[in-house]
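1. output the structure for:
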Amino acid sequence: MGISGLTNWLWQIAAHAEKFGLLIVLILAGALQYALYHYYRAHFKLKEDKFLEELSHMRDKLRRLRQEKSLAFVENSAMADIFAEHDSNRTIDVLLKKLVPHSDAGFAIFFSYENKHLNIYTQRGLSKHTISILTLEETWLSRVMQDGICRISDSELFNSRFVTLLNGTERNKISELHLLPVADDKEMYGVVVSTHLFPVGTELELQQEMVGRLLKRITPSLRHRMNSLDQQQLLKLTQEKLALRAIADEFHDLPTKMLEEFLRQLSVLVEADRGALLLFTNNLDNPVKVVNRYGIKMQAGVESIWQEHEIRIAKWAKSTGITGSMNIGDLREAEVNSLMSRALTVPLYQGESMMGILCMTRKDDGVYSRAHISLAEWSGDFLAETLTRVLDRAAVERKASLDGLTELANRRTFDERILRELGQSQRTGRPCSLCLLDLDHFKHVNDHYGHQAGDEVLRQFARLLEAEIKNVRSSDYPLVARYGGEEMALILPGIGVEGAVRIAESIRAAACEMVILHGGQRIDISVSSGVSCYPQHASTVEGLIEAADEALYQAKRDGRNAVRHAGANKQEPARIGH
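-> Numbers count the residues shown, from 1 in each chain. Okay, the predicted model is just below:
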């Protein structure tokens, strides 16, 4: 009923006022007035509510526009910073810094995804040790591949292996985890994992939308830059392989020198502190044979422990069949509990059989990169192909350089080596000593016990010399040689006359204590020694040998079983040990 209808109805009531009574008319009029009042109030309230609702929508729209403008500014600023970088590593680093501005309050990781494997490409806010062991849950990877951006929190996060691999400080940084795929229309090639999204204070949905758009916009460029970097790494890897192959192609006086130089260069290229080439044997007492070692200088005791660790790693790798990059946990399984924090093991195969191990080790817990691992694996394959040939050649040359009876260096090897060492001393000014040793009364041994007994005496005395020379602390390699008949020679590079006399005296004393049994008979021996030294006693090879020979004759004249050095006055004979 409209207003006009109500007015007509009132006039009809008034016309019949006498019939109904004045009181009733007034009551009805008041009720009608009350109804009109509430009608108009409700009508205006409805208009007011509609107006306020429209005003609220306008305010929300304005706030949304301002927020979108702010997000667009943040997004464009981030894009500008990211595209300002020309290096893919820096590009990703900028992205991670946008996600986690303060590394002490969170962390972010970029996992590259290649050949169905995740590898940490770069990160922000994690320790080196964590990087070396951290892996992403397979279920999380499946989720991000299927659903795109996802959030991990609560029990799913804190009961995960991912969190258990973090240290205490890193766990305190995390309350939730965001996984973001880095993908184009064809494939996914990375996953960003972050404890935070940005901008701070924005709704999660908007944060996810913005970061998702950002990743899509930088994906083509990032992919291109990563491919460019991979091409550079591939070129660098090829150059390194060629450099190592060139070492093998060069002529070396001894095949073992080639292996030593190859191992030295490889250790440098993969940033290892030490490298070792080890072969497996059928000897139960000595199942691992060291072919060559190279690395940083260490104290004698530390180096000895390190070398024992290399043997343990080789045994563990063979028994478990596990090779590749070893972290601290793997090393503990191999019973390596000190010094080393990282190792890289590469198997050498001969057919289906593991013939040896290439072992690269380091003190710090830095990660061996994919390029390092690839170069080491290539080196293992290359050495497996060439090692047999090299060792065969080494065996032939070693046999040609040794005395057939004592297996010490022969006279030809002695002559070559002393000429080389004296030339080196002349260039560097370092001393070089020569010690000539002669078994006393050796003719009597042959005449009384027989020539076979004499041969046995020479062999056992040769082993004594090798054992004694192993105790020589020198940065150079001493040489023990059979000089002729019952006469032996020691070349001691870098050792002065006093040191050489001490070595000769130690040998003399050990010979006195030596017991040789042959044919049920005991043969006692003693040795006389003459020592000379460059430049103190001579400046030429001939002069050095002549001076040592004269000192040896002086020891004989003084009663044998004695040590004398060139240029010394006649001395009392040494005390006989028997």
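2. number of residues surrounding the residue nearest to Ser127 when sequence neighbours are not counted?
-> Excluding its sequence neighbours, the residue lying closest to Ser127 (Cβ to Cβ, 6 or more residues apart in numbering) is Asn167, at 6.2 Å. Yep, even glycine has a C-beta here, placed from its N, CA and C like the rest. Counted with other Cβ atoms under 10 Å, the neighbours of Asn167 add up to 11.
3. what sits against Asn167?
-> By Cβ atoms under 8 Å, 6 or more residues apart in numbering, the residues touching Asn167 are 127, 129-130.
4. as CSV, these with pLDDT, secondary structure and neighbour count would be great.
-> Listed next are the contacts of Asn167 as CSV, based on pLDDT from 0 to 100; DSSP: H, G, I helix; E, B strand; the rest coil; neighbours: other Cβ atoms under 10 Å:
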residue, pLDDT, secondary structure, neighbour count
Ser127, 86, coil, 15
His129, 78, helix, 17
Thr130, 84, helix, 19
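5. between those, which is closest to Gly454?
-> Nearest to Gly454 among the contacts of Asn167 is His129, at 62.3 Å by Cβ to Cβ.
6. helix, strand or coil for the closest residue to the closest one other than its chain neighbours?
-> Distance criterion Cβ to Cβ, 6+ apart; nearest residue to His129, sequence neighbours excluded, is Asp365 at 5.1 Å. With DSSP: H, G, I helix; E, B strand; the rest coil as the basis, Asp365 sits in coil.
7. shouldn't Asp365 be in contact with Ile328?
-> Yes - using Cβ atoms under 8 Å, Asp365 is in contact with Ile328, at 6.6 Å.
8. Ser532: which of the contacts of Asn167 is nearest?
-> For these, the nearest to Ser532 is His129 (55.5 Å; Cβ to Cβ).
9. Phe110: what secondary structure?
-> Of the three states, Phe110 takes strand according to three-state DSSP.
10. end to end, how far does stretch 150-163 reach?
-> In stretch 150-163, first residue to last residue: 17 Å (Cα to Cα, to the nearest Å).
11. out of the contacts of Asn167, who's nearest Phe162?
-> Using Cβ to Cβ, Thr130 is the member of the contacts of Asn167 that lies nearest Phe162, at 10.4 Å.
12. measure that closest one to Ser153 for me?
-> 20 Å (Cβ to Cβ, to the nearest Å).
13. identify the contacts common to Asp365 and Ile328.
-> 129, 132, 341-342.
14. the contacts of Asn167 into JSON lines, with extra columns for distance to Glu550?
-> Listed next are the contacts of Asn167 as JSON lines, based on distance: Cβ to Cβ, whole Å:
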{"residue": "Ser127", "distance to Glu550": "66"}
{"residue": "His129", "distance to Glu550": "63"}
{"residue": "Thr130", "distance to Glu550": "68"}
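15. three-state assignment of the residue lying closest to Lys556 once chain neighbours are set aside?
-> Setting aside the residues directly before and after it, Lys556 is nearest to Ser528 in space (Cβ to Cβ, 6+ apart), at 5.4 Å. Local secondary structure at Ser528 is given as strand here, using three-state DSSP.
16. check contacts around Ser528.
-> Ser528 sits next to 437-438, 440, 508, 552, 555-556, 560-563 when contact means Cβ under 8 Å, 6+ apart.
17. same check, this time on Gln460
-> Neighbouring residues of Gln460 by Cβ under 8 Å, 6+ apart: 514, 516.
18. what helix or strand is it on?
-> Assigned by DSSP states H and E, Gln460 belongs to helix 451-469.
19. so where's the stretch 101-250 of the chain uncertain?
-> Scanning the stretch 101-250 of the chain for pLDDT under 70 picks out 115, 221-231.
20. got the residue ranges for the strands in it?
-> Using DSSP state E, counting those that start in this stretch, the strands of the stretch 101-250 of the chain run over 108-114, 117-124, 150-153, 176-183, 188-194.
21. who does the shortest one touch, helix- and strand-wise?
-> Read that as strand 150-153. Under the contact criterion of 3 or more Cβ pairs under 8 Å, 6 or more residues apart in numbering; DSSP states H and E, strand 150-153 touches helix 138-147, strand 176-183.
22. sorry, back to before: need the strands of the stretch 101-250 of the chain in CSV with distance to Gly212, can you?
-> Converted to CSV, the strands of the stretch 101-250 of the chain look like this (distance: least, Cβ to Cβ, whole Å):
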stretch, distance to Gly212
strand 108-114, 15
strand 117-124, 20
strand 150-153, 11
strand 176-183, 7
strand 188-194, 11
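23. possible to save these as TSV with distance to Gln424 and mean neighbour count?
-> Listed next are these as TSV, based on distance: least, Cβ to Cβ, whole Å; neighbours: other Cβ atoms under 10 Å:
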stretch	distance to Gln424	mean neighbour count
strand 108-114	50	21
strand 117-124	47	17
strand 150-153	65	15
strand 176-183	58	21
strand 188-194	55	21
